[in-house]
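K.L.:
let's see this in three dimensions:
(one chain, ligands or ions: 2)
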Amino acid sequence: MKILVTGGAGYIGSHTCVELLNAGYEVVVVDNLMNSNEISLERVKKITGKSLKFYQEDLLNYEEIKKIFLIEKPDSVIHFAGLKAVGESVEKPLWYYENNIVGTINLIKVMKETEVKNLVFSSSATVYGLSKIVPIKEDFPLNTTNPYGATKLMIEQILMDVVNADDSWKIISLRYFNPVGAHKSGLIGEDPNGIPNNLLPFVSQVAVGKRDVLSVFGNDYDTVDGTGVRDFIHVVDLALGHIKALDKIDKISGYKAYNLGTGRGVSVLQMIKAFEKASGKEIKYKIVGRRSGDIGESFADPSLANKELGWKANLTIEDICKDAWNWQKNNPEGYK
Ligand code: NAD
Ligand code: UFG
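P.N.:
Ligands and ions are numbered 1, 2, ... in the order given. Predicted coordinates:
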């Protein structure tokens, strides 16, 4: 079975390529490297001892993407390629809408023309907007608060419509909660550009001495210790969720969406403590005001994925911190 992976050189994509190769799939990556480095794919080969094919191409180049499909004739597609920074999407909405939506429409059109009708799509818990009820289930109301989230929601709607129009499509959207951590080899991991927006990469960079102090955004939420609570999921558990989705895709009817989370909430302060323990480093932090657009608590009800995909997150917060630290200390400058 051959899987075409868009965005496969990126953070979640590279970890998923490892698990695909380990599971015996043939892998073809299409990525324009706008937010990644080809070295990640060399590392994927090193970890697995297996090969994969790489095309440096942009999903906006419809004709080139079609050529790749005609040459490769994949059985299924996993679609990670997209821009993902919430703040940047507010500043540059048209760029986000064009890249994420037009890129996806091109992909779907090419898939339709080349008769490839199995797709697993990277969605996000951001589609639940500012939901105040936890744990979050798939049938909760959907809405968004920023252009990035809007692209995820619109793409889910497009995919649903595609299936409604032609039920020979099989499409699964996986709604990720907070992907963190790295492969245990320390060879691949998250490599953010500039100052990290997300908690774990920032904490890792404080631990390795690249940043002085973490700002904790608010300690007055109605949570265990007043700081934000999230469902941090190890990226390898997340990657394995894609393998389960592919295993089941032929058996599902039409369009399905699944939460990929642990079902467990961890606070910012709990995360800092766990990281200090795993790294043996002090994480200096200061409490500052809430970050605009944040919610106090968000965690998944992952029971649908457990029941229908046979998937469950197994790795702990300790594993997450140990593996994130192993990646950070061995690659203080990321892939550069
Ligand atoms: P990433 O930026 O590391 O990976 C995305 C990859 O897609 C990059 O390698 C980038 O170069 C590529 N890409 C972007 N636009 C492209 C285009 N037009 N053509 C070809 N390649 C293109 O991000 P990630 O963290 O691995 O996220 C993967 C997917 O998961 C994204 O769709 C993201 O929105 C979604 N997601 C991520 C998170 C998270 O916290 N990391 C959470 C929820 C959902
Ligand atoms: N936080 C800090 N300091 C930081 C960074 C984050 O205190 O420097 C706190 C946040 O306030 C929040 C928690 O750490 O309480 C987690 O924040 P992240 O930025 O790591 O993650 P978010 O849950 O805010 O965002 C993630 C994804 C988004 C997605 C969103 C909603 O990164 O892409 O979930 O699903 F839109």
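K.L.:
can you pull the pLDDT of the residue in the chain that ligand 1 sits nearest to?
P.N.:
Closest approach between the chain and ligand 1, counting by C-beta to the nearest ligand atom: Gly10, at 2.0 Å. From N, CA and C alone the C-beta is placed, and that goes for glycine too. On the pLDDT scale, Gly10 is placed at 98.
K.L.:
and for Ile252?
P.N.:
The model's pLDDT for Ile252 equals 88.
K.L.:
any residue of stretch 223-235 up close to ligand 2?
P.N.:
Yes: counting by C-beta under 6 Å from any ligand atom, ligand 2 is contacted by stretch 223-235 at Gly228, Arg230.
K.L.:
who's in contact with the residue in the chain that ligand 2 sits nearest to?
P.N.:
Ligand 2 sits closest to Gly228 of the chain, with a gap of 2.0 Å, by C-beta to the nearest ligand atom. Residues in contact with Gly228 (C-beta atoms under 8 Å, 6 or more residues apart in numbering) are Phe217, Gly218, Tyr221, Ser267, Val268, Asp294, Ile295, Gly296, Glu297.
K.L.:
which non-adjacent residue is nearest the fifth one?
P.N.:
Okay, so that is Val268. Thr227 (3.8 Å; C-beta to C-beta, 6 or more residues apart in numbering).
K.L.:
do the same with the second one
P.N.:
If the residues on either side of it in the chain are set aside, Gly218 comes closest to Arg290, at 3.7 Å by C-beta to C-beta, 6+ apart.
K.L.:
neighbours of the one you found, how many?
P.N.:
14 (other C-beta atoms under 10 Å).
K.L.:
which residues in the protein form strands?
P.N.:
2-6, 26-31, 53-56, 76-79, 118-124, 170-176, 178-180, 214-217, 229-230, 232-234, 255-260, 266-267, 285-288 (DSSP state E).
K.L.:
dump the ones you listed to CSV, plus mean neighbour count and mean pLDDT.
P.N.:
CSV is the format used below for the strands of the chain (neighbours: other C-beta atoms under 10 Å; pLDDT from 0 to 100):
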stretch, mean neighbour count, mean pLDDT
strand 2-6, 25, 98
strand 26-31, 24, 98
strand 53-56, 16, 98
strand 76-79, 26, 98
strand 118-124, 24, 98
strand 170-176, 23, 98
strand 178-180, 24, 98
strand 214-217, 17, 98
strand 229-230, 25, 98
strand 232-234, 26, 98
strand 255-260, 24, 98
strand 266-267, 21, 98
strand 285-288, 13, 98
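K.L.:
okay, those in TSV with distance to Asp319 next?
P.N.:
TSV is the format used below for the strands of the chain (distance: least, C-beta to C-beta, whole Å):
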stretch	distance to Asp319
strand 2-6	24
strand 26-31	25
strand 53-56	29
strand 76-79	23
strand 118-124	22
strand 170-176	17
strand 178-180	10
strand 214-217	21
strand 229-230	16
strand 232-234	6
strand 255-260	16
strand 266-267	13
strand 285-288	22
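K.L.:
now distance to ligand 1 too, for these, in a markdown table please.
P.N.:
Shown next, in a markdown table, are the strands of the chain (distance: least, C-beta to the nearest ligand atom, whole Å):
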| stretch | distance to ligand 1 |
| --- | --- |
| strand 2-6 | 6 |
| strand 26-31 | 4 |
| strand 53-56 | 9 |
| strand 76-79 | 8 |
| strand 118-124 | 3 |
| strand 170-176 | 4 |
| strand 178-180 | 5 |
| strand 214-217 | 16 |
| strand 229-230 | 10 |
| strand 232-234 | 9 |
| strand 255-260 | 9 |
| strand 266-267 | 15 |
| strand 285-288 | 21 |
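K.L.:
which one of those lies nearest to Ala150?
P.N.:
strand 118-124 (11.3 Å; C-beta to C-beta).
K.L.:
from the contact counts, what lies against the closest one?
P.N.:
strand 76-79, helix 103-113, helix 147-165, strand 170-176, helix 235-248 (3 or more C-beta pairs under 8 Å, 6 or more residues apart in numbering; DSSP states H and E).
K.L.:
give me the angle between the third one and helix 103-113.
P.N.:
For helix 147-165 against helix 103-113, the angle by axes from the mean of the first three to the mean of the last three C-alpha atoms, to 10 degrees is 20 degrees.
K.L.:
how about residues contacting helix 147-165?
P.N.:
So helix 147-165 is contacted by 82-86, 88-90, 93, 96-97, 100-101, 104-105, 108, 119, 121, 123-124, 126-127, 129, 142-144, 169-171, 173, 254-255, 257 (C-beta under 8 Å, 6+ apart).
K.L.:
same question for that helix, mean pLDDT?
P.N.:
98.
K.L.:
buried ones in that helix?
P.N.:
Within helix 147-165, the residues that count as buried by 16 or more other C-beta atoms under 10 Å are 147-156, 158-160, 162-163.
K.L.:
please consider this matter closed, and thank you.
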